[in-house]
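# Sequence and predicted structure are below.
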Amino acid sequence: MYRKQVRRRRAVLALLIVGSFVLLTLTYQGSRGLQSGVSTVFSPVQSVADRALKPARDLVDWFDKTFDARGENSRLKSELVTARTQAVAGQEALSENAQLRKLVELDRGPALASSPYKEVTGRVIARSPTVWRSSVNIDVGSSDGVHVDDPVISGDGVVGRIASVEGGSSQVMLLTDHESAISGKVVPSGAQGVIKPEVGNPEDLILDFIDSTKLVHGGQTVVTAGWRAQGLAPLFPPGLPLGEVTQASIVEQEAKEQVQVRPYADLRNLDLVQVLTGGSRG
Amino acid sequence: MILTPKILIRMAAIGLLGVLLQLSFFSRVELFHVSPDILPALVVCLGLLGGSLTGAVSGFAIGFFVDCLLVEALGISSLVLLGIGYLAGLFRERFEIHSTLVPALLCMGLTLVAELGFAAIQLLFGIDAPVSILIVRDMLLKSVYAFFLGWPTYLLIRRILRPALVEEPRVQRRREPRVLGA
């Protein structure tokens, strides 16, 4: 009797393991019908759960941020000095910009001014629990005009792009996903390259140079370059803020032709994002 | 564990709530830059209370549900979680659980195993990641969080599934019975 039970238990275990491998095979063959169905059914439930749990999340965030605040204080003070200097220079640019905008009758941000994109605002409803997957699910989908490969931004900068779309929800592949690659440009030096994630380090990106003759310094801003090449994410509007160069030693630039970049968007604590729909996905 | 339709419904509800709580709450909060992962602890608790078969099936189902909701590669979470569910069940079938500390410690240990398993599968599937200190920190902190989450989770699930548990001791009578008039 006991042996029979053991045999049955082992048989079920073997069946489950085989089942897992079958599911893996199906996934890599591109069959996603089942996932789409389940995701569509549960996305309203997730949306409700997301809203209901927001106060609890905010409470935990408050504790976490209080711990972090001490360390950030001194860093922010030094950044403030730099920012003040930049702000003075920025005032001049702003007044010039306002005049130019009047001239061309634009009422949108500079990066989106000449692009055909429309913004669709979405709320993050789920996030992968592991450090290996950099994706979030949002509560807008094809019924809102969202398409695969549409760029996704937050108030701070580029977040990623749409990886898959259902009726009322979509999956966003974040900048830190191992498959992500976006053309970027350092301003004001003008050095261009490809922004890739540093896999295993969820807070940092790498700018792989294409043109290594222009030197880059820490603290410089990286924006989207607006071009695409084979294997790169589809065309993002040029000039969207991506991040800030954190480490840029001359040795690393010359030897590895890359610098480290910290994304402006807080990819671990996203709440509201905007999908730029209607652009070129070619 | 005596599996009746009612108990199965309760277990399904536990799994469903656990997954929704993980995706909408735990994955989106951070303590020391690491998000807690309650799902391995949940599967370990189900395995400890129900045995190896219950643990394996729960792990498979919960993993499948997570992958469906996240629209990720199906089968990876199922494979990892069914493994730790089975191991937790085997532990319960071979050893007595004398202390409430044991489930918490098992949650911690098996969460670490799950994280390592998950990392191994991801690397096998071609994610070219250096084993950075951040990944190691992520795994270790997740295990520590599992210890603290596993404790109440075990007690709560044991309470919900109490009617199905075979060796659950009966509640002691408050007063000894006495003969009337004596």
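The structure has been received and is ready for your questions.

# chain center to stretch A:178-196: distance?
14 Å (C-alpha atoms, centre = their mean, to the nearest Å).

# any idea which element the residue lying closest to residue B:92 once chain neighbours are set aside lies in?
Nearest residue to residue B:92, sequence neighbours excluded (C-beta to C-beta, 6 or more residues apart in numbering or on different chains): residue B:48, at 4.8 Å. Where you see a C-beta, it was placed from the backbone N, CA and C, and this is true even at glycine. Counting by DSSP states H and E, the element that carries residue B:48 is helix B:39-50.

# Go ahead and produce CSV holding the CA coordinates of that helix.
Output of helix B:39-50 as CSV, limited to C-alpha atoms (Å, rounded to 0.1, in the frame of the first residue of the first chain):
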residue,chain,number,x,y,z
LEU,B,39,5.3,32.8,-3.0
PRO,B,40,8.1,30.3,-2.1
ALA,B,41,7.1,30.7,1.6
LEU,B,42,3.5,30.1,0.7
VAL,B,43,4.3,26.9,-1.3
VAL,B,44,6.6,25.7,1.5
CYS,B,45,3.8,26.2,4.0
LEU,B,46,1.3,24.3,1.9
GLY,B,47,3.9,21.5,1.4
LEU,B,48,4.5,21.3,5.2
LEU,B,49,0.9,21.1,5.9
GLY,B,50,-0.3,18.9,3.0
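
# Can you give the distance of that helix from its chain's centre?
Between the centre of helix B:39-50 and the centre of its chain there are 3 Å (C-alpha atoms, centre = their mean).

# Mind giving me the packing neighbours of the helix or strand following it?
Using DSSP H and E, the helix or strand that directly follows helix B:39-50 along the chain is helix B:52-70. When contacts are defined as 3 or more C-beta pairs under 8 Å, 6 or more residues apart in numbering or on different chains; DSSP states H and E, helix B:52-70 packs onto helix A:2-28, helix A:33-104, strand A:135-138, helix B:5-24, helix B:39-50, helix B:76-94.

# show me the contacts for the residue most central in space within chain A.
For chain A, the residue sitting closest to the mean C-alpha position, by C-alpha atoms, centre = their mean, is residue A:159 at 2.7 Å. Residues near residue A:159 by C-beta atoms under 8 Å, 6 or more residues apart in numbering or on different chains: A:152, A:153, A:172, A:174, A:175, A:265, A:267, A:270, A:273.

# What is the neighbour count of residue A:29?
8 (other C-beta atoms under 10 Å in any protein chain shown).

# Tell me which residues touch residue A:138, please.
With C-beta under 8 Å, 6+ apart, residue A:138 has these contacts: A:122, A:123, A:124, A:125, A:152, A:169, A:170, A:172, A:273, A:275.

# From residue A:265, how far off is the residue nearest to it when sequence neighbours are not counted?
Of all residues not flanking residue A:138 in the chain, residue A:122 sits nearest, at 3.8 Å (C-beta to C-beta, 6+ apart). Going from residue A:122 to residue A:265 by C-beta to C-beta, to the nearest Å gives 14 Å.

# re earlier: let's have the contacts of residue A:138 in TSV, adding distance to residue A:20 and pLDDT.
Shown next, in TSV, are those (distance: C-beta to C-beta, whole Å; pLDDT from 0 to 100):
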residue	distance to residue A:20	pLDDT
A:122	32	87
A:123	32	86
A:124	28	88
A:125	26	88
A:152	31	90
A:169	25	88
A:170	26	91
A:172	26	92
A:273	32	87
A:275	33	90
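
# Can you select the buried ones among the residues you listed for me in ChimeraX?
To isolate the buried subset of those in ChimeraX, counting by 16 or more other C-beta atoms under 10 Å in any protein chain shown, use the following:
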select /A:122,124,125,152,169,170,172,273,275
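
# ok, so what distance separates the residue most central in space within chain B from residue B:84?
The residue lying closest to the centre of chain B (C-alpha atoms, centre = their mean) is residue B:42, at 2.2 Å. Residue B:42 sits 10 Å away from residue B:84, going by C-beta to C-beta.

# now check the biggest helix by length in chain B, is it near chain A?
Identified as the longest helix of chain B according to DSSP state H is helix B:133-160. Yes. Using C-beta under 8 Å from any C-beta of the partner chain, helix B:133-160 reaches chain A at B:134, B:135, B:138.

# With stretch B:5-18 instead?
No. Using C-beta under 8 Å from any C-beta, stretch B:5-18 never reaches chain A; the gap is at least 8.9 Å.

# Looking at that stretch now, give me its mean pLDDT.
Averaged across stretch B:5-18, pLDDT comes to 92.

# pLDDT weak spots in chain A?
For chain A, the stretches flagged by pLDDT under 70 are A:1, A:88, A:91-92, A:95-115, A:199-202, A:210-212, A:229-234, A:251-256, A:279-282.

# What of chain B?
Using pLDDT under 70, chain B drops low at B:127-131, B:167-178, B:180-182.

# Present the contacts of residue A:138 as TSV; the columns should include distance to residue B:54 and secondary structure.
Listed next are those as TSV, based on distance: C-beta to C-beta, whole Å; DSSP: H, G, I helix; E, B strand; the rest coil:
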residue	distance to residue B:54	secondary structure
A:122	38	strand
A:123	36	strand
A:124	33	strand
A:125	30	strand
A:152	40	strand
A:169	31	coil
A:170	35	strand
A:172	35	strand
A:273	39	strand
A:275	42	strand
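
# of the contacts of residue A:138, closest to residue B:14?
Of all the contacts of residue A:138, residue A:125 has the smallest distance to residue B:14: 21.2 Å, by C-beta to C-beta.

# doesn't residue A:50 make contact with that closest one?
Yes. Residue A:125 sits in contact with residue A:50 when judged by C-beta atoms under 8 Å, with a separation of 4.6 Å.

# which residues are common contacts for the two?
A:139, B:24.

# got the angle for the helix or strand hosting residue B:113 vs helix A:2-28?
Element membership for residue B:113 (DSSP H and E) is helix B:101-124. Here helix B:101-124 runs at an angle of 40 degrees relative to helix A:2-28 (axes from the mean of the first three to the mean of the last three C-alpha atoms, to 10 degrees).
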